[in-house]
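*Asks:* curious how this folds, go ahead:
(2 chains)
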Number of protein chains: 2
Amino acid sequence: MKKQYKKENFPLSKIRRYLEPGPIVLVSSSWKGKNNIMTMGWHIMMELSPSMIGCFITNANHSYEMIKRSGECVINIPTMDLIDKVIGIGNSHGTRMDKFEKFGLTPEESEIVNVSVIRECYANFECKIKESHLLPKYNFFILEVVAARVATSPKYPKTIHYTGDGVFMVSGKHIAFPEKFKRQNL
Amino acid sequence: MKKQYKKENFPLSKIRRYLEPGPIVLVSSSWKGKNNIMTMGWHIMMELSPSMIGCFITNANHSYEMIKRSGECVINIPTMDLIDKVIGIGNSHGTRMDKFEKFGLTPEESEIVNVSVIRECYANFECKIKESHLLPKYNFFILEVVAARVATSPKYPKTIHYTGDGVFMVSGKHIAFPEKFKRQNL
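*Replies:* This next block holds a predicted model:
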């Protein structure tokens, strides 16, 4: 049975909690009535507030043009239960198929952008392009997160982290040391 | 007893194996005879060959100037056994202390850059600045990895991944599906 996460709005300045540990993500995009999904492992936090993300998307990828033209995308965080779909989407190229349909994923309406979020993912971060001048040379998008919804449970999702060569690391235990940190460094 | 990894040279085009999963890293730098170390969670792979990394280092950090002026740094990957030092270094600011000495870490000679690598870390990636024009606006360095040494064992290090709020995720099990990937996507 498919996992159905119950989600709630999440503070934009806290999304590092899910991106900074480095999971593979699914990026959904939409342009001229067509949807697309790609897997992405190369992303980086760039600022907490406003919430900014950098990500590398090769221009060989159909999503590159769709995101560039629409100026929008959604970064969806899948968990271990979706690993077959993550690999399948990574293997799929081409512009004709609807990947939501092909991979049995559910498009759900976003709050702000005109791109569907993926219901089955643990978290959905709606993004708008903030800066695109690094695209020609580095295929590097700088995005601002404009809306975020995150599952209310479990507290610590089983995220998957790609290492290359067909191998994933699955997130392990979480350990908390807030008392050891200086407050401004938390 | 301190862990003593035995290391060997590692192919530059494969370093994503250790960076893409998103671990916290220790960045060592050197300028005018002084060494520094900082913790860094915001980094991204940008190209496999040449091996390029992007990283965000705030200009409030003393390392920012040292790296910018020398044009070099080393990205060292610590494992779980070093977590207290990782937190301690994250809490330490100021230019006067030698962090190698303060935190009981051993500076070891690099192969190419004029910056010490941290012996106790699992992997050491020597870097040179490739592009610095995003520094004024985004504190974003684009680096090229010019030499890499990685521990020969264990195969899968227990890396630590920061989530904010004093909480780390520790890397869990690794799962391999090379047969499910199209060759060009591995």
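
*Asks:* OK, contacts around residue A:129?
*Replies:* Residue A:129 makes contact with A:67, A:68, A:71, A:72, A:141, A:142, A:143, A:144 under the criterion C-beta atoms under 8 Å, 6 or more residues apart in numbering or on different chains. Using the backbone N, CA and C atoms, a C-beta is placed for each residue, glycine as well.

*Asks:* so who does the third one touch?
*Replies:* For residue A:71, the residues meeting the contact criterion (C-beta under 8 Å, 6+ apart) are A:128, A:129.

*Asks:* for burial, what's the neighbour tally of residue A:64?
*Replies:* Neighbourhood size, residue A:64 [other C-beta atoms under 10 Å in any protein chain shown]: 17.

*Asks:* let me fix that, I meant to ask about residue A:136.
*Replies:* Around residue A:136 there are 9 residues (other C-beta under 10 Å).

*Asks:* check residue A:184 too.
*Replies:* Other residues near residue A:184 come to 7 when the count uses other C-beta under 10 Å.

*Asks:* surely it is in a strand?
*Replies:* No - under DSSP: H, G, I helix; E, B strand; the rest coil, residue A:184 sits outside any strand and is assigned helix.

*Asks:* next one, pLDDT for it please.
*Replies:* Per-residue confidence (pLDDT) for residue A:184: 71.

*Asks:* can you map out the helices along chain A?
*Replies:* Secondary structure of chain A by DSSP state H: the helices cover A:16-19, A:62-70, A:83-91, A:99-102, A:135-138.

*Asks:* quick one: which of those is nearest residue A:164?
*Replies:* Residue A:164 lies closest to helix A:83-91 among these, at 11.9 Å (C-beta to C-beta).

*Asks:* follow-up on the earlier one: what about the contacts of residue A:129, which one has the most neighbours?
*Replies:* For the contacts of residue A:129, neighbours tallied by other C-beta under 10 Å; top is residue A:67, 28 neighbours.

*Asks:* distance of that residue from chain B?
*Replies:* 17 Å (C-beta to the nearest C-beta, to the nearest Å).

*Asks:* contacting residues around that residue?
*Replies:* Residue A:67 touches A:27, A:29, A:57, A:73, A:129, A:141, counting by C-beta under 8 Å, 6+ apart.

*Asks:* residue A:49 versus that one, what's the distance?
*Replies:* 23 Å (C-beta to C-beta, to the nearest Å).

*Asks:* now whatever residue of chain A ends up closest to chain B. Nearest residue, chain neighbours left out?
*Replies:* Nearest to chain B in chain A, going by C-beta to the nearest C-beta, is residue A:22, at a distance of 1.4 Å. Nearest residue to residue A:22, sequence neighbours excluded (C-beta to C-beta, 6 or more residues apart in numbering or on different chains): residue B:22, at 1.4 Å.

*Asks:* so the worst-scoring helix or strand of chain A on mean pLDDT, near chain B or not?
*Replies:* When the helices and strands of chain A are scored by mean pLDDT, DSSP states H and E, helix A:135-138 comes last with a mean of 91. Yes - using C-beta under 8 Å from any C-beta of the partner chain, helix A:135-138 reaches chain B at residue A:138.

*Asks:* just the helices of chain A: most buried one?
*Replies:* Mean neighbour count (mean count of other C-beta atoms under 10 Å in any protein chain shown) peaks for helix A:16-19 among those, with a mean of 21.

*Asks:* what residues are bridge-paired with the residue nearest the centre of chain A?
*Replies:* For chain A, the residue nearest the mean C-alpha position is residue A:75 (2.5 Å; C-alpha atoms, centre = their mean). Note on residue A:75: beta-bridge partners by DSSP bridges are residue A:27, residue A:125.

*Asks:* show me what the nearest residue to residue A:5 once chain neighbours are set aside is bridged to.
*Replies:* Spatial nearest neighbour of residue A:5, excluding adjacent residues (C-beta to C-beta, 6+ apart): residue A:151 at 3.7 Å. Beta-bridge pairing for residue A:151 (DSSP bridges): residue A:7.

*Asks:* could you dump stretch A:84-94 to PDB, C-alpha only?
*Replies:* Taking Å, rounded to 0.1, in the frame of the first residue of the first chain, the C-alpha atoms of stretch A:84-94 are listed here in PDB:
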ATOM      1  CA  ASP A  84      12.500   2.000  -7.200                       C
ATOM      2  CA  LYS A  85      10.700   5.000  -8.500                       C
ATOM      3  CA  VAL A  86      13.700   7.200  -7.800                       C
ATOM      4  CA  ILE A  87      15.900   4.900  -9.800                       C
ATOM      5  CA  GLY A  88      13.300   4.500 -12.600                       C
ATOM      6  CA  ILE A  89      12.900   8.200 -13.000                       C
ATOM      7  CA  GLY A  90      16.700   8.600 -13.100                       C
ATOM      8  CA  ASN A  91      16.700   6.100 -16.000                       C
ATOM      9  CA  SER A  92      13.900   7.800 -17.900                       C
ATOM     10  CA  HIS A  93      14.600  10.400 -20.500                       C
ATOM     11  CA  GLY A  94      12.400  11.900 -23.100                       C
END
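
*Asks:* I'm done for today, thanks for sticking with me.
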